[in-house]
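Enquirer: Model the following, please.
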Amino acid sequence: MKTTESTEQLLQRAFARLDAVAFGVAVGTLCGVGLFVVTAILLVKGGETVGQNLRLLAQYFPGYRVTWPGAFIGLGYGFLVGFVAGWLLAFVRNASLWCYLLTVKMKAASASFREFFDNM
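Expert: Reported below is the predicted structural model:
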């Protein structure tokens with residue numbers, strides 16, 4: 001048996017809102033773990049000057065160093081920055097989509113009014 005969905009249900013599924021907090025946590029986790037892993041790889045690799053380029057992150061993240069304690073500090077900073085970026089991205093996407101759908105609905109209503117008055 002085939003079920004049919006209404007147009008409204010199809011639109012709701014196609015243009016579903018992003019949960020800003022969940023998206024922020026996902027992006028934050030990815031960024032934090034990514035920075036931790038990159039720091040850990042450099043520490044395991046070793047060498048004379050470990051993480052010369054990555055060391056520049058200390059300019060933006062106070063307390064971050066290319067050391068094991070610094071890797072955990074970087075995990076926290078990466079999560080924080082990723083969370084804010086993910087939350088903002090979801091918020092802007094939801095707001096833009098809302099404006100777009102409002103415009104489409106207004107144009108559709110205007111067209112139906114025009115058609116109504118044209119047939120009078």
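Enquirer: What's the local residue count around G51?
Expert: For G51, the count of nearby residues is 19 (other CB atoms under 10 Å). Any C-beta I mention is one placed from the backbone N, CA and C, and that applies to glycine too.
Enquirer: And for L88?
Expert: Residues within reach of L88, counting by other CB under 10 Å, total 14.
Enquirer: Tell me which residue is most central in this structure.
Expert: Note on the chain: the residue nearest the mean C-alpha position is G86, at 3.0 Å, using CA atoms, centre = their mean.
Enquirer: pretty sure it is touching G28, no?
Expert: Yes - between G86 and G28 there is a contact under CB atoms under 8 Å: 6.1 Å.
Enquirer: Tally up the residues packed near L57, please.
Expert: As a burial measure, L57 scores 20 neighbours (other CB under 10 Å).
Enquirer: residue ranges of the helices in this protein, please?
Expert: Taking DSSP state H to define them, one finds helices in the chain at 7-14, 20-45, 68-118.
Enquirer: mind putting those in a markdown table, distance to N53 included?
Expert: Listed next are those as a markdown table, based on distance: least, CB to CB, whole Å:
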| stretch | distance to N53 |
| --- | --- |
| helix 7-14 | 43 |
| helix 20-45 | 10 |
| helix 68-118 | 14 |
